[in-house]
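> below are the sequence and a predicted model; questions follow.
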Amino acid sequence: RAAQTGVIQATPGIHLVQGAEDRMGFLMMLPVYSDPSKSAQQRQDRLRGFVLGVFSVAALIDALQARFPEVLQGRVLEVIDHTDADRLLFRSAAPDLSPMSGWHAPVMMPVAGRQWSLRLRNLDRSSERLSWVAPLVLAFGLLTTALLTLFLRGVLLRERQVRREVESRTAELRRSELESRTIVETAVDAIITIDTQGLILQFNPAAEKLLGFRAEEVLGRNVKVLMPDPIRSEHDSYLQHYLRTREPRVIGVGRETTALHKEGFEVPIHLSLGFAPSPEHPMFVGVLKDMSREREASLALQKARDTAEQASRQKSAFINTVSHELRTPLTVILGYLPLLKNTQQALAPAMVADIADQMSQSGQHLLDLINDVLDFSKIEAGQLRLMPETLDAHMLVEEVLERFRLQAEQKGIVLENQTAQHGLFADPRRVRQILINLVGNAIKFTQSGCVKVLSHRDGKQLVLTVSDTGAGIPGADIYEIFEAFHQVDNSSTRKVGGTGLGLTITRQLVELHGGHIWVDSCPGEGSQFHFSLPLLDEQQQRRNNS
Ligand code: ADP
């Protein structure tokens, strides 16, 4: 009825289970709607439930008696509910009064949708006029009304309090949710949460940056998409094992591992994993720290260590080679000395000339070797300064080839200068040294055929090529011959000797000029060493002419 009428309704009298004695009481039901502003008809569908109040009739009368003690003194009061059938709700002091006579006329009063009546009689059967009936009824009416008002006010207050509490809790929840969302969204480290099936629940912006996926691309997908093999294939069983045994392998302990980027490459990460065992939403929280820099730094360190170790090995090899190379011409010189010192047996002048020749060649070789070593350390220490000037490429090549002409003829090798006349702006002493090294090597490693020097322009640079028809360089060595002390390990190298420094110095000299050096070679057919040098530009040319 409360639902139908939309107003508070009382039940018929009921026996209350509250309290020790079996007391008569009634319930009041107040319907509650989700939208109280609507009309009664519209409110019907918005009924959310009832507020229920439990009242004891005796307690009601007790309160009445306390207010009006003289009115009920020596009298019997009855409260009867007439709504469905007449039912006695209350009777004060209940001696045997049957048959019920001497009652004053009852007063009817409506109570929350029901019809109650009150009636009184004197215990001493006197027929005194009940002039106090009217105030009593009024008092009873006031009391029930006050009761109802208090009840309603209590309900309303409680509802308002509940609403306020709900609002403040909601605000608090919203704030704490905002706080946690802000923390997750602004975290520098990637944060990924998954449920117990491995499905991704959260993927913060740092995770997007680290792994290249946008959150909407991975939310709801299995976290395995972010893992490379073999971790990927073992992940399900890790998860199940943990949920079954709660035995932590990774959880609670950080470890270094790799994640899979959207582009397919692996990203080194440090992973800290935690488990939130909430009964409704248990989940795993992973914090991924990008370790790329650390990994790079450690690789760089490893590389630096390897390079240092290699350099140290090379230095030892160099000392060996250089000592050996220095000893050879010295042995020649020292070997001839006893012959020259021998006063007993004078040598023929032609013989002395020949020995002097041999000693001079060995001395020159020794000097070249020492110069090489000195140049190398000077360049390494950054102390070699160029003295560039204008020079003619063709003439410089001609001068260098001239030096080797005799040596080449002896081996039956033809020397050709096919360079055009180009103005260069370079240090003549150092360009000469570059050409001597390359042409010298070409003749050294060529048994027959020809060695030629060619040139062509390439933008603001002149490319010079020293080409031979000699042994050639195996593919494996081609990138390393410009490294210090590197020699191709074959019989021809062993036969002709050398320090493995010539090409290193040559490369450094070319690079000091702002040029490049590279080689094309076909083993058994010959090699072409190309290097570029700065051409004399028009401005310099004009300055020189003036
Ligand atoms: P080296 O003093 O040993 O000649 P280089 O640095 O000048 O030192 O040369 C390094 C190595 O490169 C040589 O030992 C040789 O094996 C190879 N090489 C250089 N030039 C040539 C060439 N024209 N033909 C074949 N091999 C060459």
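Nice, thanks for sending it over.
> where do the strands of the stretch 201-350 of the chain begin and end?
Here the stretch 201-350 of the chain has its strands, by DSSP state E, counting those that start in this stretch, at 255-260, 266-276, 283-290.
> most packed of the ones you listed?
Burial of the strands of the stretch 201-350 of the chain is given as mean neighbour count (mean count of other CB atoms under 10 Å); strand 283-290 ranks first at a mean of 19. (Each C-beta comes from the backbone N, C-alpha and C, glycine too.)
> could you tell me the end-to-end distance of stretch 66-79?
For stretch 66-79, the first and last residues are 17 Å from each other (CA to CA, to the nearest Å).
> what's the closest of the strands of the stretch 201-350 of the chain to the ligand?
strand 266-276 (39.0 Å; CB to the nearest ligand atom).
> which neighbouring elements make contact with the closest one?
helix 205-211, strand 255-260, strand 283-290, helix 292-341 (3 or more CB pairs under 8 Å, 6 or more residues apart in numbering; DSSP states H and E).
> export those as CSV, with columns for mean pLDDT.
Converted to CSV, the helices and strands packed on strand 266-276 look like this (pLDDT from 0 to 100):
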stretch, mean pLDDT
helix 205-211, 93
strand 255-260, 90
strand 283-290, 91
helix 292-341, 86
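> wouldn't G502 be in contact with N371 here?
No. Taking contacts as CB atoms under 8 Å, G502 lies outside contact range of N371: 11.1 Å.
> quick one, which of those two is more surrounded?
G502 (22 against 12; other CB atoms under 10 Å).
> who's in contact with Q302?
Residues near Q302 by CB atoms under 8 Å, 6 or more residues apart in numbering: none.
> separation between the spatially most central residue of the chain and the ligand?
Residue closest to the mean C-alpha point of the chain, counted by CA atoms, centre = their mean, is L210 at 3.6 Å. Remark: distance between L210 and the ligand (CB to the nearest ligand atom, to the nearest Å) = 47 Å.
> that residue reaches I192, doesn't it?
No. Taking CB under 8 Å as the definition, L210 is not a contact partner of I192, at 9.8 Å.
> what touches both of those two?
Jointly contacting L210 and I192 under the rule CB under 8 Å, 6+ apart are L288.
> got any ranges where the stretch 401-546 of the chain has weak pLDDT?
484-499, 538-539, 541, 546 (pLDDT under 70).
> could you rerun that using 80?
Low-confidence segments of the stretch 401-546 of the chain, defined by pLDDT under 80: 483-501, 537-546.
> check the stretch 1-150 of the chain too.
Residue ranges of the stretch 1-150 of the chain with pLDDT under 80: 17-23, 34-46, 58, 60-76, 92-107, 109, 120-150.
> so where do the strands sit in it?
9-10, 14-16, 23-33, 47-56, 75-81, 87-91, 107-111, 114-122.
> how far does the second one sit from the chain's center?
Yep, that's strand 14-16 we're talking about. Relative to the centre of its chain, strand 14-16 is centred 69 Å away, using CA atoms, centre = their mean, to the nearest Å.
> tell me which strands it pairs with, and in which orientation.
When sheet partners are counted by DSSP bridges, strand 14-16 sits next to strand 23-33 (antiparallel).
> pull out the buried residues from the partner strand.
Under the neighbour-count criterion of 16 or more other CB atoms under 10 Å, strand 23-33 has R23, M24, G25, F26, L27, M28, M29, L30, P31, Y33 buried.
> now do that strand: distance to the chain's middle.
For strand 23-33, the distance to the chain centre is 62 Å (CA atoms, centre = their mean).
> quick one: work out the angle between that strand and strand 107-111.
Per axes from the mean of the first three to the mean of the last three CA atoms, to 10 degrees, the angle that strand 23-33 makes with strand 107-111 is 40 degrees.
> next up, the contacts around A105.
Going by CB under 8 Å, 6+ apart, A105 touches R119.
> so how far is the ligand from it?
Separation of A105 from the ligand (CB to the nearest ligand atom) stands at 137 Å.
> you'd agree G74 is up against S92?
No. Look at G74 against S92 with CB under 8 Å: they stay out of range, at 10.8 Å.
> comparing those two, which residue is more hemmed in?
More crowded of G74 and S92, by other CB under 10 Å: S92, with 16 against 11.
> name the nearest residue to that one, ignoring sequence neighbours.
Excluding the flanking residues, the one nearest S92 by CB to CB, 6 or more residues apart in numbering is L77, at 4.5 Å.
> and the one you found, what are its bridge partners?
Note on L77: beta-bridge partners L120, judged by DSSP bridges.
> format the strands of the stretch 201-350 of the chain as TSV; extra columns: distance to G412.
Output for those, formatted as TSV (distance: least, CB to CB, whole Å):
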stretch	distance to G412
strand 255-260	62
strand 266-276	59
strand 283-290	65
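> just put these in CSV and tack on distance to the ligand.
Compiled in CSV, these are given as follows (distance: least, CB to the nearest ligand atom, whole Å):
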stretch, distance to the ligand
strand 255-260, 41
strand 266-276, 39
strand 283-290, 43
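> compare those strands and give me the one nearest R153.
When the strands of the stretch 201-350 of the chain are compared by CB to CB, strand 266-276 sits nearest R153, at 43.9 Å.
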